[in-house]
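Structure for the following, please:
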Amino acid sequence: MNISKHITLKHLFIGNQKMIGIQFLPDKGIQALIKALPNPKWSKEFGMVYIVNNKDNLDLIFKTFKGIAWVNGNLFFKEKIARDNTPPDIEWYRNRNKTVSFKYVPEAFLSKLELKRYAPNTCRIYILQFEKFINHYPNKNLVALSEQEIRAYLQFLIKQNKSNSYINQAINSIKFYYEVVMEMPNRFYSIERPRKEHKLPKVLSKIEIRSIINSTNNLKHRCIIGLLYSAGLRRSELLSLKLTDIDSKRMVVFIRSAKNNKDRYSLLAETILKDLRAYYKQWKPKEYLFEGALGCQYSAESVAKIVRRASNKAGIKRKVTPHMLRHSFATHLLENGTDIRYIQNLLGHSSTKTTEIYTQVAVNNFKLIRNPLDL
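Below you'll find the predicted structure:
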């Protein structure tokens, strides 16, 4: 095979039909072989040749170019790996009270989220964001929407002063529908994402953390806030904890199938263990460590309200979120001299580059510097 010659396959959707797009550099030999394929046509819009997308044509492409040119299918064949964790419970979205005037996500959208086992919070964001998008074009067929119309919607969000994170969530939800559900990747060859914002994590002091914990309304709330901070947990990780995940003998908390489907261990504080034992005797949870009224998982919004109320009661003027407790955990460990690689493992980061952001908010090194005004 001549590796200097190659063709690239891409998904196209033309005239309401799935097509195989074929990109290649000018070459008489490749052109002759492509002309021999079944009914090849040229797309001026996408700048490539295309033929009907079916198994026979796909097999024929590989057979035709075998030993002659390399067939690059990286963009055509996407790796589709389902997570090992439990499928998300999104029945609520199916069973909502629906109105005629509002467009809801298609069933295929919900089914694909379940099949790929996306995290519950990701499911919620994708569903809500995509519904905002489709209701922006209430009278248009989803499949017929052009890239220009998608871009116009994103510009509409920018004019509304939506954050870069919000706009990226909108893009992800739209891409999920067209690229994953409908398998139409050609829609997004040139959709630009907002520049990534470099924002430092918001951190609380140790005194503020203790004040928040001491301002909780009851033992259950105290355990929730205490675990978020002392184990550096994401809110979704806290809600997924089961009784067996608290290992008092080894003094660790087991976090299963967290972000990127990774398991890890984090620290279990002695003071939190005492509170957890008292909480267990009082509340008697059955499966999940923190359960709602009917024995199901505690809700994410309830956790946010607990943190918000306790911080307000503690007299903290800033808006405090559950994730700020995780940021504070990492920063305080770093200020205490903990090796950044240990912090990386405790947080479940794939790279120390992600963890290094806490070096910019840790104040232990700042204290060694004399302010020139004080010299």
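
list the buried ones in the helix or strand hosting Lys112?
Lys112 is part of helix 107-115 when elements are defined by DSSP states H and E. Neighbour-count burial for helix 107-115, counted by 16 or more other C-beta atoms under 10 Å, picks out 109-110, 112-113. Backbone N, C-alpha and C define where each C-beta goes, glycine included.

What is it packed up against?
In this structure, helix 107-115 makes packing contacts with helix 91-94, helix 120-136, judged by 3 or more C-beta pairs under 8 Å, 6 or more residues apart in numbering; DSSP states H and E.

How about residues contacting the first one?
With contact meaning C-beta atoms under 8 Å, 6 or more residues apart in numbering, helix 91-94 is reached by 104-105, 107, 110, 123, 127.

Let me have those in CSV, extended by distance to Gly47.
Formatted as CSV, the contacts of helix 91-94 follow (distance: C-beta to C-beta, whole Å):
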residue, distance to Gly47
Tyr104, 36
Val105, 32
Glu107, 35
Leu110, 35
Cys123, 36
Ile127, 34
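
that older thread, right, so the helices and strands packed on helix 107-115: which one is the most enclosed?
Greatest average neighbour count among the helices and strands packed on helix 107-115 goes to helix 120-136 (a mean of 18), per mean count of other C-beta atoms under 10 Å.

for that helix, what is the average pLDDT?
In this model, helix 120-136 carries a mean pLDDT of 92.

Give me the distance between that helix and the centre of its chain.
13 Å (C-alpha atoms, centre = their mean, to the nearest Å).

Please apply the same query to stretch 251-271.
Computed by C-alpha atoms, centre = their mean, the separation of stretch 251-271 from the middle of its chain amounts to 19 Å.

what does stretch 124-141 give?
The answer for stretch 124-141 is 18 Å, by C-alpha atoms, centre = their mean.

what are the pairing partners of the helix or strand harbouring Phe13, and which direction each?
If you go by DSSP H and E, Phe13 is part of strand 6-14. Sheet pairing of strand 6-14 (DSSP bridges) gives strand 17-24 (antiparallel), strand 70-72 (parallel).

Deepest-packed of those strands, please.
Comparing the strands paired with strand 6-14 by mean count of other C-beta under 10 Å gives strand 17-24 as most buried, with a mean of 18.

one step back: out of the contacts of helix 91-94, which one sits closest to Leu142?
Nearest to Leu142 among the contacts of helix 91-94 is Val105, at 10.2 Å by C-beta to C-beta.

Give me the neighbour count for the closest one.
Using other C-beta atoms under 10 Å, Val105 has 22 neighbouring residues.

what are the ranges of the strands in the protein?
Under the criterion DSSP state E, the chain contains strands at 6-14, 17-24, 41-43, 48-52, 70-72, 246-247, 252-255, 264-267.

Can you show me the helices along the stretch 51-200 of the chain?
55-65, 91-94, 107-115, 120-136, 147-159, 164-175 (DSSP state H, counting those that start in this stretch).

Would you single out the least confident of those?
Among the helices of the stretch 51-200 of the chain, helix 91-94 carries the lowest mean pLDDT (a mean of 82).

gap between it and the chain center?
Distance, centroid of helix 91-94 to centroid of chain: 20 Å (C-alpha atoms, centre = their mean).

how many neighbours does Gly348 have?
Neighbour count for Gly348, taken as other C-beta under 10 Å: 20.

Likewise for Leu243?
12.

Surely it is in contact with Trp283?
No: assessed by C-beta atoms under 8 Å, Leu243 is found out of contact with Trp283, at 11.3 Å.

Can you give the contact residues for the helix holding Lys112?
82, 87-88, 90, 93-94, 122-123, 126-127, 130, 176-177, 180-182.

how far does it sit from the chain's center?
A distance of 16 Å separates the centroid of the chain from that of helix 107-115, by C-alpha atoms, centre = their mean.

Just the pLDDT at Arg187, thanks.
57.

Now flag whichever of the buried residues of helix 107-115 is closest to His327.
Among the buried residues of helix 107-115, Leu113 lies closest to His327 (C-beta to C-beta), at 28.3 Å.

measure that closest one to Cys123 for me?
5 Å (C-beta to C-beta, to the nearest Å).

and the nearest residue to Leu241 once chain neighbours are set aside, what does it touch?
Nearest residue to Leu241, sequence neighbours excluded (C-beta to C-beta, 6 or more residues apart in numbering): Leu289, at 4.2 Å. Listed by C-beta under 8 Å, 6+ apart, the contact partners of Leu289 are 241-243, 245-246, 276.

What subset of those is buried?
Buried by 16+ other C-beta under 10 Å: 241, 245-246, 276, out of these.

Any idea how many residues pack against His11?
Per other C-beta under 10 Å, the neighbour tally for His11 reads 21.

thought it was touching Phe76?
Yes: between His11 and Phe76 there is a contact under C-beta under 8 Å: 6.3 Å.

Now do the shared contacts for the two.
Ile20.
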